[in-house]
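Visitor: Build me a model:
(one chain, ligands or ions: 1)
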Amino acid sequence: MDGSLHPPGLRVCDATTWRYAGPVEIELHADQEAIERVVHVVVDGVSTRRIDPWLLRLTGSATGLRRTLTGLSPELADDLDACLASWRQPPPDLVTPAGVLPTATRPVVMGILNVTPDSFSDGGRAYLPGEHPRPALAAAAGLLEAGADVIDVGGESTRPGAVPVDADEELARVLPVVRELAAAGATVSIDTTKAVVARAALDAGAALVNDVSAGQLDPSLLDTVAAAEVPYVLMHMQGTPATMQQKPRYLDVVAEVHRALGTGLDALIARGIARERVVLDPGIGFGKRAEHNLALLRELATFTALGRPVLVGASRKSFIGRLTGDSPPDQRLEGSLAVAALAVAEGARLLRVHDVAATVRAVRVAHAITTPSTTLS
Ligand code: HH2
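Guide: Okay, here's the model as predicted:
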């Protein structure tokens, strides 16, 4: 990471005991001059550790950290207050044209509907060209029956090495499905990187756009989202689906993904997408090795401090297979449920999953445990 290119930013690394006046750990990312100035403004009780020329880790009470940051810039102190207030806290509800997703109250489950022949775990199950869209609609009915709050419809696999699909083919796969589901009252998300597909799906009744490329593959998609005033899932990916798993490299994956999502969120706002419509996703498996995925999941709470709902899409992914005796995708249920439950405990509010019924039950229990006000009447 080259700190000199960016405005200063901070990341709350750990605020687990902050509400009980425990210490807080933060990282400050700034140019070298600002990092060196901290030595002169740091207050008693705050310790500092230089990670690299642009990155400083500070640990101390929230009051001590705030006073130290004020010595650098009052805006940074305000940022700290905002990040602490959001740490593992329920984000506001997500308002979509099809209704409200109650992220403030409970985790929301997004059922995956891959209308593709080649998705890594369920390719071809919901997409049989001669019978399209009947199998897809039947699969969607099953997901809704199982308790999915949203159906995420995708017409192009993003697995490493998947064959790219042109817009006409993608439209032919997703549109009949989106249209029918939306007409039946379901909340539909369109999983695409193409503006033309997003536009047509929104016209057909989709209520969210899920773009694994963060607008990098077709930047006009962001204008489509801004004009439609719908929620947008901003996901982190290193590279492109074709290249992403070749050699994923990070100095500090959590810090780098955090910074990318923070700057990405600012860029979306500058482009006309309202902050309250953005969902953040660390992009499990997208340009990440298994250890990177584990680090991101371990420190998921750091992303909640950005103040937006956090989505996790780890269902059946290969790192779960590697941790469970090289199990194939359809035998990764327990591992996927473990990820979903722990993600909820760390503050995730949307889970993108294949196994909806089991996930709904697992996250209901995880949510009850992590919600002190839970009562069972
Ligand atoms: N993962 C996949 C696809 N879309 N979107 C978000 N926001 N987050 C994710 O983690 C994510 C995603 C890949 O999973 P899947 O759709 O099951 O496979 P494929 O891309 O092969 O269709």
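
Visitor: residue ranges with poor pLDDT in the chain?
Guide: 1-7 (pLDDT under 70).

Visitor: Residue numbers of it in contact with the ligand?
Guide: 112, 114, 116, 119-121, 154, 157-159, 191, 210, 212, 233, 235, 281, 283-284, 311, 313, 352 (C-beta under 6 Å from any ligand atom). Placement of C-beta: from N, CA and C, glycine included.

Visitor: Apply 5 Å and report the result again.
Guide: Residues of the chain lying near the ligand by C-beta under 5 Å from any ligand atom: 114, 119-120, 157-159, 210, 212, 233, 235, 281, 313.

Visitor: residue of this protein with the smallest distance to the ligand?
Guide: Using C-beta to the nearest ligand atom, residue 313 is the residue of the chain that sits closest to the ligand, at 2.3 Å.

Visitor: For that residue, grab the count of nearby residues.
Guide: 25 (other C-beta atoms under 10 Å).

Visitor: ditto for residue 17
Guide: 10.

Visitor: Setting the sequence-adjacent residues aside, check what's closest to it.
Guide: residue 23 (7.1 Å; C-beta to C-beta, 6 or more residues apart in numbering).

Visitor: Without its sequence neighbours, what residue ends up closest to residue 128?
Guide: residue 135 (5.2 Å).

Visitor: Roughly how far does the nearest residue to residue 253 once chain neighbours are set aside sit from residue 266?
Guide: Excluding the flanking residues, the one nearest residue 253 by C-beta to C-beta, 6+ apart is residue 292, at 4.4 Å. Counting by C-beta to C-beta, to the nearest Å, the gap from residue 292 to residue 266 is 24 Å.

Visitor: now for the residues of the chain next to the ligand, which pair is the farthest apart?
Guide: 120 and 233 (18.9 Å; C-beta to C-beta).

Visitor: ok, those two, which is more surrounded?
Guide: Ranked by neighbour count (other C-beta under 10 Å), residue 120 and residue 233 place residue 233 first, with 23 against 18.

Visitor: Secondary structure element for that one, which one?
Guide: In the assignment (DSSP states H and E), residue 233 maps to strand 232-235.

Visitor: Show me the helices in the chain, by range?
Guide: Using DSSP state H, the helices found in the chain span residues 32-41, 62-72, 74-86, 134-145, 167-183, 195-203, 220-228, 253-270, 290-298, 301-304, 318-323, 333-345, 356-370.

Visitor: Can you spell out which helices and strands pack onto the longest one?
Guide: Packed against helix 253-270 by the contact rule (3 or more C-beta pairs under 8 Å, 6 or more residues apart in numbering; DSSP states H and E) you find strand 9-14, strand 24-29, strand 232-235, strand 278-281, helix 290-298, helix 301-304.
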